Each structure stands twice: as structure tokens, then as C-alpha cells.
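[1] Sequence plus predicted model, see below.
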Amino acid sequence: MPGDFLAVAFDSGGVTTGPITVPFIMALGVGLSAVRGDRNASGDSFGLVALSSVGPIMAVMVLGCCYAPEEALYTPAEVARVVTMKDVSHAFAVEIPKYAREVAVAVGPILVVFVIFQLLARRYQKRQIKRMCVGFGYTYVGLVLFLCGVNEGFAPVGTMLGRELAGSAHKWMLVPIGMVIGYFIVKAEPAIQILNHQVQTVSNGTVSAKAMNTCLSIGVAVSIGLAVLRILTGLPIQWILLPGYFLALMLSRFVPALFVGIAFDSGGVASGPMTSTFLLPLCIGACEAVGGNIMTDAFGVVALVALTPLIAVQLMGLACGRRAWKEELSKIGESIPEDADTIVEIMED
């Protein structure tokens, strides 16, 4: 497989798990595990998002083995020149129909499957159907506006910002700036809020949404710092991915099963639309400014964002497991009376 496809392949695994895929797949996993109802059902409800990221990676790798691309000239996206609110409204009005069609193609099959299921099973009442229709409407309108905003505003601005920072005399300042952006951009990911709420519900409050958010923010901040270092130094991505996944797999042997599923799901959830529409253009602009190879150096930021939460969440699970073990030992110690005598009998032959 050509080296240009390696970073793109791992990026594709993180990009495919977006605001439409994650809620549906997570709800499907929780529903299937609830049918089983055994002791390990809650832990097995997580992990489907991670498995759904494997297919795109393998597909792009196969494409790289079969496809021989020709040389292409990269043209960076230009920031639209807007002066008045009228210019902004016109720019959105021109692009909204395109994204309306794209969202309809994405949401339409889910709606069709639901309609067929309802006609055959008659499972839901009119009130529930009305609420679901309102939810579909909110989802459709929100995704259209969201995609229009991030693609027409965030992507060009991210490219321009990365180009300006990396082209300055203090280009190494892009590393801490990128880490700060990565720390706070997680809070704007739509699917992150769904994951945090689901984790808090399934774990019965053992893992709070705030702890998950902080853990994911730290992981994404580290990944953006590594991505910018790759651009400035030309470090191959496999030198980071191979040790990172090896460490994640080793941690999975010592972490409770619930945290393993959550960790691998969080990697796909964290690499959502905000990452692909702002952080990736930021890295592309920086790579263009330093004269690097965009295919091998700029691409890969989504893969790194999908990697670091695996380690961060499992470390949090390891800490939670250790704390629970200490609490259990303290309870055992409290159950023993202070005035209890220890009698040791020595048997002699």
C-alpha cells in the first residue's frame, strides 16, 4: 500500500463515526444488551462504535493497494469575503440546499427503517411517534445548519489560521496553541455529550459525565500536540500509532471490561465533525506553510485524536478500579471489631 494512504486510512475510521452514526449505534448496542439482561450486559453495550471504525480503515487500505492515483494539485479553500450581514446570509443561502440534500440522504434510510418497523410491529403509540417525528425534524434542521457552518466557515478559517501560525517566526507556538484548541473543542462535539450521558447512565453514576469530559479533553489535547509535532518534524505516523495501540491493548488486560468498551468507543466519538472540519484544516494549513507533504504529515490528526482517548479513559478506569478496591478493603477493616482477639493455635505432632 502506498504510504500516502496510511494516514488517510486511519483518519477515515474516525471520521465515519459522526453525529448521525454515534447516537444510532450506541442506542442499538444498549438495546441489544438489555435483551440479554445478564451480569455483563452493561459492559457489552459499548464497543459497537469502535468496531464500526475498523471497516473504513480496511476499505481505504484495500483501495490504496488497488488504486494508483495520479499527481494532483492541491488548492486550499479560500475564506469568503463578507462585509455585511447580507453577504453572510447570501453565502449561507447558496450552500444550504446542498447540505440539505446530503443530510436527507443520511437521515432518510433511518426514517424509512423506522416506518417499516412501525407498520409491521405497531410498537409505538401516537404520542411516541409524534415525539420521534419532532426529534427527526430537529435533527435534520440542526445538521443542515451545523454542516453548512463548519464547512463554509470553520474549514477555511482553520486552514488560514494554521498557515499563519506555522508561517511565522515562532512556528513552535503552534504546539501549545493546538493543544489548547484540542482541549476545548471536545466540549463542542455533539456526539461527546451523548456518550457522556450514556456512560453516566449505564455505570449508575460511577463514571460522571464531567470526569469523562475532562478525560477526553486531556486526551485530545495530547493528540493535537503530537499531530503538530509530526508536521514540524516529519515524524511518520506509524511511530506513534503502533506504540499507542500496543499500550491501549495492554491496558485492556488490567482495566474493568466496562471501561474497555467505553474507551474504544470514545476514540471514535472524539474524532467527530469538529475535528475533521477545523483541526484537520488547521494541520493542512500548517503543513502547507512549512512545505511538508500534506498526505503523509497533515492527514493523521483524526487518527491520533481517536487513539489518545483509548489510553486516557483506560487510565481513568484503572484509577477508579484501584479506588474501589481500597474502599472495599476499608469496609472489610471496619467490619472487624476493634476488641477482637486473634487466636493462633499451634498444632504439634
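    Received the coordinates, thanks.
[2] ok, and for stretch 198-218, which residues are buried?
    For stretch 198-218, burial by neighbour count (16 or more other CB atoms under 10 Å) applies to 198-200, 202-203, 207, 209, 211-213, 215-218. For glycine as for every other residue, the C-beta is placed from the backbone atoms N, C-alpha and C.
[3] How about stretch 275-294?
    For stretch 275-294, burial by neighbour count (16+ other CB under 10 Å) applies to 275-290, 292, 294.
[4] average model confidence for it?
    Stretch 275-294 shows a mean pLDDT of 85.
[5] Low-confidence bits of the chain, can you list those?
    Along the chain, segments meeting pLDDT under 70 span 1-3, 18-20, 34-45, 68-83, 324-349.
[6] which residue is nearest the centroid of it?
    Ala270 (2.0 Å; CA atoms, centre = their mean).
[7] That one and Phe46, how far apart?
    Distance of Ala270 to Phe46, computed by CB to CB, to the nearest Å: 14 Å.
[8] What of Gln238?
    In this view, Gln238 and Phe46 are 27 Å apart by CB to CB.
[9] So between the two, which is more surrounded?
    Phe46 (26 against 13; other CB atoms under 10 Å).
[10] quick one, what contacts the more buried one?
    With contact taken as CB atoms under 8 Å, 6 or more residues apart in numbering, Phe46 is in contact with 26, 29, 199, 202, 258, 261-262, 264-265.
[11] Would you mind putting those residues into JSON lines with distance to Pro56 alongside?
    Listed next are the contacts of Phe46 as JSON lines, based on distance: CB to CB, whole Å:
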{"residue": "Met26", "distance to Pro56": "18"}
{"residue": "Gly29", "distance to Pro56": "18"}
{"residue": "Val199", "distance to Pro56": "24"}
{"residue": "Val202", "distance to Pro56": "26"}
{"residue": "Leu258", "distance to Pro56": "26"}
{"residue": "Gly261", "distance to Pro56": "20"}
{"residue": "Ile262", "distance to Pro56": "21"}
{"residue": "Phe264", "distance to Pro56": "15"}
{"residue": "Asp265", "distance to Pro56": "16"}
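[12] Distance to Tyr99 and secondary structure for those - can I get that in TSV?
    Formatted as TSV, those follow (distance: CB to CB, whole Å; DSSP: H, G, I helix; E, B strand; the rest coil):
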residue	distance to Tyr99	secondary structure
Met26	24	helix
Gly29	28	helix
Val199	30	helix
Val202	33	helix
Leu258	37	helix
Gly261	33	helix
Ile262	32	helix
Phe264	30	helix
Asp265	27	helix
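[13] quick one: which of the residues you listed is nearest to Thr84?
    Met26 (42.5 Å; CB to CB).
[14] Can you classify the closest residue to the closest one other than its chain neighbours by secondary structure?
    Nearest residue to Met26, sequence neighbours excluded (CB to CB, 6 or more residues apart in numbering): Gln198, at 5.7 Å. Under DSSP: H, G, I helix; E, B strand; the rest coil, the three-state class of Gln198 is helix.
[15] There's contact between Gln198 and Val30 in this structure, I believe.
    Yes - counting by CB atoms under 8 Å, Gln198 does reach Val30; the two are 7.0 Å apart.
[16] Spell out the residue ranges of the helices in the stretch 1-150 of the chain.
    Taking DSSP state H, counting those that start in this stretch as the test, the helices found in the stretch 1-150 of the chain are 4-15, 21-36, 41-44, 48-66, 85-121, 126-149.
[17] Quickly compare those and say which is most buried.
    Greatest average neighbour count among those goes to helix 4-15 (a mean of 23), per mean count of other CB atoms under 10 Å.
[18] that older thread, format the helices of the stretch 1-150 of the chain as TSV; extra columns: distance to Arg230.
    Shown next, in TSV, are those (distance: least, CB to CB, whole Å):
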stretch	distance to Arg230
helix 4-15	9
helix 21-36	27
helix 41-44	34
helix 48-66	19
helix 85-121	31
helix 126-149	28
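[19] can you give me the helices for the stretch 201-349 of the chain?
    Going by DSSP H, counting those that start in this stretch, the stretch 201-349 of the chain shows helices at 209-233, 238-251, 257-270, 273-274, 280-290, 301-335.
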